[in-house]
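Visitor: What shape does this take:
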Amino acid sequence: MGEIRRVAKGILKKWLRNGGKSLVLPLLEFPDCLKGGAMKPPSLTSILLGLIPFIATCFSVSLWDRIYPIVLGIPFNLFWVILWLFLTPLCMWGAYQLERARSADGDREQGGTR
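Guide: Numbers count the residues shown, from 1 in each chain. The predicted structure follows:
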């Protein structure tokens with residue numbers, strides 16, 4: 001909690017130094033406030049798992065852009081969108097679990113505890 005408070009104070013100081021004109025400038029410099037933090041980039045597997053719902057809903061339209069067939073009493077295109085509404089959190093949960101396990105392995109290698 002102390003780290004969050006320190007970062008928030010740093011952003012507020014930069015914003016006030018800027019004359020309170022723009023909140024965007026201090027937020028763009030946000031990663032500089034976290035010097036010393038151990039953030040690793042996400043793994044390729046978790047990125048791909050997160051992209052599945054995006055690709056399934058945005059780039060597959062030409063495959064299912066029809067009224068017929070009817071699935072569960074609704075047009076297939078509506079069924080497809082509703083299906084991915086429920087599958088997206090599962091993909092995000094999977095990506096989260098992969099990253100969580102990966103960070104736990106990294107902590108063990110460095111001698112840290114969870």
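
Visitor: Tell me how this protein divides into domains.
Guide: What automatic domain parsing lists as the domains of the chain is 1-37, 40-114.

Visitor: Least confident of those domains, on average?
Guide: With a mean of 63, domain 1-37 has the lowest mean pLDDT of these.

Visitor: which residues in this protein form strands?
Guide: 70-71, 74-75 (DSSP state E).

Visitor: I'd like the ones you listed laid out as a markdown table, including distance to Ser60 and mean neighbour count.
Guide: Bear in mind the C-beta positions are built from the backbone N, C-alpha and C, glycine included. Compiled in a markdown table, the strands of the chain are given as follows (distance: least, Cβ to Cβ, whole Å; neighbours: other Cβ atoms under 10 Å):
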| stretch | distance to Ser60 | mean neighbour count |
| --- | --- | --- |
| strand 70-71 | 15 | 12 |
| strand 74-75 | 15 | 14 |
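
Visitor: Please tabulate these in TSV, including the columns distance to Leu49.
Guide: Converted to TSV, the strands of the chain look like this (distance: least, Cβ to Cβ, whole Å):
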stretch	distance to Leu49
strand 70-71	25
strand 74-75	27
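
Visitor: Relative to Ala101, which of those strands is closest?
Guide: Each of the strands of the chain has some distance to Ala101 by Cβ to Cβ; the shortest is strand 70-71, at 35.5 Å.
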